[in-house]
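Okay, here's the prediction I keep looking at, along with the sequence it came from:
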Amino acid sequence: MTPREKEDFCDWLAALFSPPERETVEQLRMDAIPSRMEGYIKSLGGDCAWLIGFTPLWESEALYHELEKEYDRLFAGPVGGCVSLVESPYKPWTRDGECHVSFAGETGLLMGDSAVHMAAIFRQSGVEVPEKFTAWPDHLVLELEFLSALYGEATDREVRQFIQDHLDWIPELKKNLLRCQPHPFYLSAVELLNFFLSRERERLEITDNGKKSVH
């Protein structure tokens with residue numbers, strides 16, 4: 001995949017983990033998403049069977065309401081229904097040894113170190129966080145949109161650092177999602193996300209060790 005294709009791929013992933021929109025669902029029904037994703041997955045050596053969740057046969061309006069209901073069941077609320085799409089709850093609230101509040105090392109809380117860091121990144125980059133995300137700037141959708149921007153503007157080292165710092169919790173997200181018996185759509189989405197990031201870690205590790213990088 002080229003950097004431009006990775007930008008596109010991350011934007012699609014961000015859309016898949018956003019609340020369902022009729023336009024996205026219509027593209028799904030018309031096979032626009034599966035067709036594009038298939039080429040990307042093949043280029044990375046992945047399993048195109050993961051796309052099965054994106055190939056429903058029912059009408060788009062029915063699918064829209066189906067996904068809307070499932071999104072609410074799985075992800076509604078700041079820390080999620082069954083599953084949170086926010087990074088902070090997956091990690092200790094802070095790793096700052098100078099912080100002595102009683103809950104400093106607890107998980108499941110919002111606005112932890114990762115949120116503070118993401119907010120700082122957005123400020124430094126001149127990116128305004130949408131109002132609906134101000135309480136959780138480390139939401140997966142924002143992180144994927146930022147990763148997309150990095151593929152267009154940053155070095156491999158910067159991409160690697162961002163994935164390492166802010167997308168290392170995705171295997172845990174996948175594990176939690178599987179426990180909730182998700183709709184095939186969201187199962188496919190998390191499989192693709194986890195696979196893409198694992199491939200990028202492998203590629204960027206090679207790059208960081210001074211060997212040739214193959215996009």
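Arrived safely.

When you work out contacts or count neighbours from here on, use the C-alpha atoms and nothing else.
Fine.

Show me where this structure dips below the pLDDT cut-off.
The chain contains residues with pLDDT under 70 at 57, 77-81, 93, 95-107, 207-215.

Could you measure from residue 120 over to residue 10?
For residue 120, the distance to residue 10 equals 21 Å [C-alpha to C-alpha, to the nearest Å].

Counting neighbours, go ahead and name the busier of these two.
Using other C-alpha atoms under 10 Å, the more surrounded residue of residue 120 and residue 10 is residue 10, with 22 against 14.

check which helix or strand covers the more buried one.
Using DSSP states H and E, residue 10 sits within helix 3-16.

So for this protein, the centremost residue is which one?
residue 140 (4.5 Å; C-alpha atoms, centre = their mean).

Show the contacting residues for it.
Residues counted as contacts of residue 140 (C-alpha atoms under 8 Å, 6 or more residues apart in numbering) are 14, 17, 85-87.

how far away is it from residue 83?
For residue 140, the distance to residue 83 (C-alpha to C-alpha) stands at 12 Å.

Equivalent analysis for residue 17, please.
Applying C-alpha to C-alpha, the value for residue 17 to residue 83 is 12 Å.

Go through this protein and flag its longest helix.
When the chain is parsed with DSSP state H, its longest helix is helix 184-208.

how distant is it from the center of its chain?
Counting by C-alpha atoms, centre = their mean, to the nearest Å, helix 184-208 is centred 10 Å from the centre of its parent chain.

List the buried residues of that helix.
By neighbour count with 16 or more other C-alpha atoms under 10 Å, helix 184-208 contains the buried residues 184-198, 200-201, 203-205, 207.

next one: stretch 118-137
118-119, 129, 136-137.

could those residues go into a markdown table alongside distance to residue 174?
Below are those laid out as a markdown table (distance: C-alpha to C-alpha, whole Å):
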| residue | distance to residue 174 |
| --- | --- |
| 118 | 22 |
| 119 | 25 |
| 129 | 25 |
| 136 | 20 |
| 137 | 20 |
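
wait, doesn't residue 48 sit right on residue 40?
No - with contact defined as C-alpha atoms under 8 Å, residue 48 does not count as touching residue 40 (9.5 Å).

Identify the contacts common to these two.
Listed as contacting both residue 48 and residue 40 by C-alpha under 8 Å, 6+ apart is no residue at all.

residues contacting residue 88?
The contact partners of residue 88, taken as C-alpha under 8 Å, 6+ apart, are 107-115, 138.

Buried members of those into ChimeraX, please.
For the buried members of the contacts of residue 88, the matching ChimeraX selection, counting by 16+ other C-alpha under 10 Å, is:
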select :109,110,111,112,113,114,115,138
